[in-house]
Every structure is written in C-alpha cells, then in structure tokens.
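J.: Quick one: sequence and predicted model below, then my questions.
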Amino acid sequence: TLKAVIFDLDGVITDTAEYHYLAWKAIAEELGIPFTREFNENLKGVSRMDSLKLLLSQAETPIAYSDAELDQLADRKNKLYVELIEKITPADLLPGVTDFVKEIRSSGVKTGIASASKNAPTVIHRLGIEDQFDVIVDVNTLKNNKPDPEIFLTAAAALGADPADCIGVEDAVSGVDAIKAAGMFAVAIGNAAHFPHADVVLDSTSQLNFGVLKAKFEG
Ligand code: B16
Ligand code: MG
C-alpha cells in the first residue's frame, strides 16, 4: 500500500531546472563550449561538480583544469543560479503541484523532498511550502549522488516507509534511475522518449492526479 510520495524539487515542484540551464549556458559560452538543451538533459539531477565536469567534457579541445579552477567555475555557476532564484515567489510553483500535494496528505500519505541541490532549502523557503512536506532530505549528509538511490532511500527511511510503498516523482534521467534503484514506483515528468525506465510518464505537472497515480501504483 502507498505510504509516501517523494518529490524531486528542480523541474518538478518549480521550474528551477530552467535556471540551472541558464546558469550553465552562461558558463559554457564564456568557455566557448557548445551547449544545447538536449545536452542539458544529462545535467539534470546531477551534482554541481559532476555537472561541471560533464560540461567541460564537451569542449572541442579539452583543457586540464586544476581543482582550484574547477571550484571557481562551480562557484561562478552557483552565483548566477543564486541570483536567478532570488526572484522566486509562491507564484512559481508549477501548475497542479499544490493541489496534488494536498490530495496526497489528505489521504494520509506522507510527502518528502529528495533534491540534489544545496540550494533546495532556499528555494523551498521562497516558495513558502516548507510545512507541506514531512521530510526534506539534507543533501549535505549524503555520500552518493543520483542515480545512486541513497537520497530516495534516506527520504523513505525518515518517513518510516518501505521503498516498495513509495512513489518517486522526477524530471531527470539520473533521478528516475535513482528511484528505480531504490525499488520505488517512478513517475517521470517530461518527454517520454527520455524515460524508458519510468513506470508512468506525464508531459507536465498539471497532469499529476493522485487518484489516477494511486490506482496505477496499486496495479
Ligand atoms: P546545486 P534536483 C539538482 O536538483 C538539479 O537538477 C541539478 O541541475 C543541479 O546541478 C543539482 O541539483 C545541484 O544543485 O548546484 O544547487 O547544489 O533536480 O535534484 O532537485
Ligand atoms: Mg530535477
């Protein structure tokens, strides 16, 4: 039986995935590295440093950066991102999310956030939704990044739920892989062609319907 629904943040609760994209694009342009929306799909859900390394691997003539230079580039990207998220308000919640979370909670099912972002607490605060989630995993306490299941397993444990009794909701390929590796039911938001491993794929958050998903979960 369904005990918990665990959400990714960026690209699921709010469209910060677009802000990550814009910040990385600015860094790529500075470095003269080609950067497309298609390639950006690989960065979704991936940690800041791993994203930077993936981006640098796209250079036509790869350069060996020192650790200090890598840290500087990652910091610059984060500064751009932090500027963009300063403008977030509750109006930036994606369509359907508020009602979906309310429906979940009113049926006695728990809710959690499993975001790979160190900026997640700021974003959640600016959206004004802290009290709608029973747990928000602190990414700083984790050893492994998505697609490792650790973040989803940590959320489930904090909610006292068996992974098999959880639904995970993600917009990233690495995130869906993490949900499946955790042994959970995976709902992907986005283009179905990107998510062959998801149990359900929806074009957008406006299609999130608790009754429909619960029925599919129960099979
Ligand atoms: P930060 P999510 C992920 O958040 C983003 O999808 C990914 O693009 C980003 O690089 C990662 O967080 C780290 O974010 O640089 O803010 O620590 O989708 O797991 O909510
Ligand atoms: Mg995401």
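T.: Everything's here; your move. Ligands and ions are numbered 1, 2, ... in the order given.
J.: What does the pLDDT read for residue 21?
T.: Note for residue 21: predicted pLDDT of 97.
J.: How about residue 26?
T.: 98.
J.: Report how many residues lie close to it.
T.: By the other Cβ atoms under 10 Å criterion, the neighbourhood of residue 26 contains 15 residues. For glycine as for every other residue, the C-beta is placed from the backbone atoms N, C-alpha and C.
J.: and it, what is it in contact with?
T.: Neighbouring residues of residue 26 by Cβ atoms under 8 Å, 6 or more residues apart in numbering: 77, 80.
J.: Look at it and give its secondary structure.
T.: Under DSSP: H, G, I helix; E, B strand; the rest coil, residue 26 falls in the helix class.
J.: before we move on, what about residue 65?
T.: The three-state assignment at residue 65 reads coil, by three-state DSSP.
J.: Same question for residue 121.
T.: helix.
J.: Grab the nearest non-local neighbour of it.
T.: residue 136 (7.0 Å; Cβ to Cβ, 6 or more residues apart in numbering).
J.: May I have the phi/psi pair for that neighbour?
T.: phi -120, psi 110 (degrees, to the nearest 10).
J.: And it, how far from residue 125?
T.: 10 Å (Cβ to Cβ, to the nearest Å).
J.: And for residue 160?
T.: Distance from residue 160 to residue 125, by Cβ to Cβ: 25 Å.
J.: same check, this time on residue 15
T.: Distance of residue 15 to residue 125, given as Cβ to Cβ: 17 Å.
J.: between those two, which one's more packed in?
T.: Using other Cβ under 10 Å, the more surrounded residue of residue 15 and residue 125 is residue 15, with 17 against 11.
J.: What residues does the protein have near ligand 1?
T.: By the rule Cβ under 6 Å from any ligand atom, the part of the chain lying against ligand 1 is 8-11, 17, 20, 43-48, 51, 78, 115-119, 172.
J.: Just the buried ones among those, please.
T.: For those, a burial check counting by 16 or more other Cβ atoms under 10 Å picks out 8-11, 17, 20, 43-48, 51, 115-117, 119, 172.
J.: all strands of the protein, in order?
T.: 4-7, 110-113, 135-136, 166-170, 185-189, 200-202 (DSSP state E).
J.: So in that sheet, which strands flank the last one, and in what orientation?
T.: Strand 200-202 has the following sheet partners, assigned by DSSP bridges: strand 185-189 (parallel).
J.: Alpha carbons only: can I get the strand it pairs with in CSV?
T.: Output in CSV follows, covering the C-alpha atoms of strand 185-189 (Å, rounded to 0.1, in the frame of the first residue of the first chain):
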residue,chain,number,x,y,z
PHE,A,185,7.5,3.3,-8.4
ALA,A,186,8.8,6.1,-10.7
VAL,A,187,6.7,8.9,-12.2
ALA,A,188,8.7,11.0,-14.7
ILE,A,189,7.7,14.5,-15.9
